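Novice: Got a predicted model here, sequence first, then my questions.
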Amino acid sequence: MGFFEKKDALDVESAAHKLDSDSNLESSIKEKSLSWQQASFLLLLEYIVIALLALPSSWASLGYGGGTIATIILGLTAGYTQHVLWRFCLKFPEVRDILDVAVILVGGGKWGKVAWTCAFIGLVLNNVAIMGLHIVQFSLSINTLSDGARCTQVFAVCGTLLMLLISLFRELKHMSLLGAVASGSMLGCIILAMIFSGVQDLPPNHSGGPIIVEPWAREGVGLVDGNNAVLNILYTYVGHILIPTFVADMKNPKDFGKAIYVSITAEIVLFSLAGGIIYSQVGAADMTSPAYGSLQPAFQKTIAAFVLPTVTIVGGVYCLVTAKTVFSRVFAFNSVHRRSHTVKGWSAWIVIIILLWILAYIIGQAIPFFNDLISLISSLFDSWFGFVFWGIGYFFIYRRKSFSGWGIVEAPLNIIITIVGFVLLGLGTYTSVESIIESYDTGSIKSPFSCVDNGF
């Protein structure tokens with residue numbers, strides 16, 4: 001099958017460049033149009049998201065020292081694996097998305113088809129689960145603002161439709177502008193959450209006594225809670241699944257490294273401050289996830305309002321990237337339906353978008369929880385797309401030179417990264433499922449497709 005052959009992929013790229021240089025075939029939908037500044041906004045949009053408000057609950061389990069150390073180590077690891085992924089994309093310029101990476105890692109051929117199928121299923125399930133998470137968060141925020149004035153399903157449907165409309169953009173550069181809005185909104189949300197947690201007297205429903213904070217994991221935190229706390233932090237850092245699509249859409253892919261350095265520095269600083277400050281003011285006993293449930297009602301409503309732009313825009317971006325992956329397999333790279341506004345092209349695009357959001361709505365309402373869903377996504381998908389792929393991918397970049405020069409340090413490091421990925425897959429999935437079972441047993445999770453108010 002020619003799709004899996006490097007030569008065919010390069011021929012497609014050559015055809016695309018020929019079309020770009022042909023003045024008689026001016027494209028109305030442009031690809032390869034991202035600057036590194038726009039890519040930085042997209043990365044920040046991907047990482048400065050609602051999951052940030054789950055970080056303080058990780059501190060509540062791990063304590064100051066454990067939360068800070070986990071945040072810094074996972075941040076540096078995420079930055080390094082992003083760097084390896086970028087180098088991988090430069091080494092293999094035919095890569096358009098994470099699916100092409102999977103094919104290359106197994107050497108193509110029959111195994112390439114299997115790898116492509118598995119990666120495709122993983123990408124769609126990962127992104128659709130994240131889209132479903134944003135539907136849940138949209139309904140939670142609206143319920144918080146309206147005091148549960150309507151059935152939760154009404155708000156979930158409205159959020160789905162709003163994010164569907166945002167997803168109809170077909171060029172990533174347009175989403176980068178919205179990304180700046182979403183990142184700014186979420187940054188304001190986090191800053192306000194830190195301020196509000198400090199100025200309020202006590203968290204709502206405080207049972208009395210002093211605010212409890214610990215330097216390390218508090219007593220009673222076992223394997224399940226501790227591992228899921230680490231997975232929550234990991235989820236916030238791992239967005240590698242979208243990066244090949246961003247690099248493929250760059251004007252100059254060699255500039256993408258600048259976007260990585262800007263975003264990972266901002267992430268480590270912001271994540272450490274957000275988790276540590278809110279935890280220090282709220283304590284372990286009164287912590288909720290998302291963290292704004294630990295604020296007084298007036299503050300909750302303010303944060304809920306700030307959350308909405310980020311929730312809707314980020315949900316739209318994940319749908320857009322997923323739709324581009326599917327769309328690129330429906331039409332060839334140099335197809336007129338991809339590069340111009342045709343009825344057939346737009347019809348296919350809209351159908352793909354609608355189907356993705358229907359699936360996201362079903363997942364979001366069938367699994368209506370926050371922390372446990374984040375942990376499950378991290379263990380099932382981030383273990384592969386954030387660790388295993390790039391630990392193995394490093395050796396594809398340098399081949400026989402893997403252990404020369406910097407390879408003396410990098411090669412063993414990538415072996416460790418690969419092993420960590422498999423550990424996260426096995427242990428993380430186990431602890432996530434155990435936590436979900438426990439949540440249902442204790443009644444802390446509301447029933448699926450329920451009208452019950454899920455707001456604070």
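Specialist: Yep, that arrived.
Novice: tell me which element G65 is part of?
Specialist: Secondary-structure element containing G65, defined by DSSP states H and E: helix 55-91.
Novice: Out of the helices and strands in the chain, which is least certain?
Specialist: For the chain, using mean pLDDT, DSSP states H and E, the weakest element among its helices and strands is helix 6-21, scoring a mean of 38.
Novice: Now do the helix or strand just after that one against helix 55-91: the angle between them, please.
Specialist: Once helix 6-21 ends, the next helix or strand along the chain (criterion: DSSP H and E) is helix 36-47. When axes from the mean of the first three to the mean of the last three CA atoms, to 10 degrees is applied, the directions of helix 36-47 and helix 55-91 differ by 140 degrees.
Novice: Would you indicate which residues of helix 36-47 are buried?
Specialist: Going by neighbour count (16 or more other CB atoms under 10 Å), the buried part of helix 36-47 is W36, Q38, A39, S40, F41, L42, L43, L44, L45, E46, Y47. All C-beta spots, glycine's among them, are computed from the backbone N, C-alpha and C.
Novice: Which elements pack onto that helix?
Specialist: Using 3 or more CB pairs under 8 Å, 6 or more residues apart in numbering; DSSP states H and E as the contact test, the elements touching helix 36-47 are helix 172-199, helix 243-248, helix 256-282, helix 297-330.
Novice: from those, which stretch is densest packed?
Specialist: Ranked by mean neighbour count under mean count of other CB atoms under 10 Å, the helices and strands packed on helix 36-47 are led by helix 243-248, which reaches a mean of 24.
Novice: Where does S289 sit, in terms of helix or strand?
Specialist: Element membership for S289, per DSSP H and E: none, as it lies in no helix or strand.
Novice: How about the contacts made by it?
Specialist: Applying CB atoms under 8 Å, 6 or more residues apart in numbering, we find S289 in contact with L53, A54, P56, S57, N232, F370, N371.
Novice: ok, S272 to T265 distance?
Specialist: According to CB to CB, to the nearest Å, S272 stands 12 Å off from T265.
Novice: quick revisit: out of the helices and strands packed on helix 36-47, flag the one nearest F403.
Specialist: Set against F403 and scored by CB to CB, the helices and strands packed on helix 36-47 come closest in helix 256-282, at 23.3 Å.
Novice: Give me the helices and strands touching the closest one, please.
Specialist: helix 36-47, helix 55-91, helix 172-199, helix 223-237, helix 243-248.
Novice: Would you reformat those as TSV and include mean pLDDT and distance to I98?
Specialist: Below are these laid out as TSV (pLDDT from 0 to 100; distance: least, CB to CB, whole Å):
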stretch	mean pLDDT	distance to I98
helix 36-47	83	14
helix 55-91	94	9
helix 172-199	83	15
helix 223-237	88	17
helix 243-248	88	5
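Novice: show me where pLDDT drops low in the stretch 201-350 of the chain?
Specialist: Scanning the stretch 201-350 of the chain with the threshold set as pLDDT under 70 gives 333.
Novice: now with 50?
Specialist: With pLDDT under 50 as the threshold, the stretch 201-350 of the chain has no low-confidence stretch at all.
Novice: rewinding a little: can you tell me which of the contacts of S289 has the most neighbours?
Specialist: Ranked by neighbour count under the definition other CB atoms under 10 Å, the contacts of S289 are headed by P56 with 31 neighbours.
Novice: My read is that that residue contacts G275, right?
Specialist: Yes - here P56 reaches G275: they are 5.4 Å apart, a contact under CB atoms under 8 Å.
Novice: pLDDT score assigned to I397?
Specialist: pLDDT recorded at I397 is 89.
Novice: Packing partners of whichever strand or helix holds it?
Specialist: Element membership for I397 (DSSP H and E) is helix 389-398. Helix 389-398 sits against helix 55-91, helix 98-105, helix 407-442, with contacts defined as 3+ CB pairs under 8 Å, 6+ apart.
Novice: Is it possible to get TSV of those helices that adds distance to T342?
Specialist: Below are these laid out as TSV (distance: least, CB to CB, whole Å):
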stretch	distance to T342
helix 55-91	29
helix 98-105	24
helix 407-442	42
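Novice: Would you tell me which of those gets closest to F456?
Specialist: Once the helices and strands packed on helix 389-398 are compared by CB to CB, helix 55-91 is nearest, at 13.9 Å.
Novice: in that closest one, what's buried?
Specialist: Residues of helix 55-91 classed as buried: 55-64, 66-68, 70-71, 74-75, 77-89 (neighbour count, 16+ other CB under 10 Å).
Novice: How far off centre is it?
Specialist: Relative to the centre of its chain, helix 55-91 is centred 13 Å away, using CA atoms, centre = their mean, to the nearest Å.
Novice: if we can go back for a sec, so the helix holding G65 versus helix 389-398, what angle?
Specialist: Here the directions of helix 55-91 and helix 389-398 differ by 20 degrees (the same axes, to 10 degrees).
Novice: secondary structure class for E94?
Specialist: The three-state assignment at E94 reads coil, by DSSP: H, G, I helix; E, B strand; the rest coil.
Novice: Next, count neighbours for it.
Specialist: Number of residues near E94 (other CB under 10 Å) recorded here: 18.
Novice: For it, give me phi and psi.
Specialist: Dihedral angles phi and psi of E94 (degrees, to the nearest 10) take the values phi -80, psi -10.
Novice: Assess the claim that G65 and W216 are in contact.
Specialist: Yes - between G65 and W216 there is a contact at 5.2 Å, judged by CB under 8 Å.
Novice: Find residues that contact each of the two.
Specialist: Common contacts of G65 and W216 (CB under 8 Å, 6+ apart): none found.
Novice: Leaving out the residues flanking it, which one is nearest to the residue most central in space within the chain?
Specialist: Within the chain, the residue whose C-alpha comes closest to the C-alpha centroid is G239; the distance, by CA atoms, centre = their mean, is 4.5 Å. Using CB to CB, 6 or more residues apart in numbering and skipping residues adjacent in sequence, the residue nearest G239 is E46, 4.1 Å away.
Novice: which residues touch the one you found?
Specialist: Residues touching E46, when contacts are defined by CB under 8 Å, 6+ apart, comprise G239, L242, V314, V317.
Novice: again, but for V433
Specialist: By CB under 8 Å, 6+ apart, the contact set of V433 is L376.
Novice: switch the cut-off to 10 Å
Specialist: Residues in contact with V433, defined by CB atoms under 10 Å, 6 or more residues apart in numbering, are V224, D372, S375, L376, S379.
Novice: Are any of the residues you listed buried, and if so which?
Specialist: A residue is treated as buried here by neighbour count (16+ other CB under 10 Å); on that basis the buried members of the contacts of V433 are V224, D372, S375, L376, S379.
Novice: Next up, the contacts around A119.
Specialist: With CB under 10 Å, 6+ apart, A119 has these contacts: 97-103, 105-106, 241, 325, 384-385, 389.
Novice: Quick check: PyMOL command selecting the buried ones in these.
Specialist: Taking 16+ other CB under 10 Å as the burial criterion, the selection of buried members of the contacts of A119 in PyMOL is written as:
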select buried, resi 97+98+99+100+101+102+103+105+106+241+325+384+385+389
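Novice: For the contacts of A119, which two are the farthest from each other?
Specialist: Farthest apart among the contacts of A119 by CB to CB are V106 and T325. That separation is 18.4 Å.
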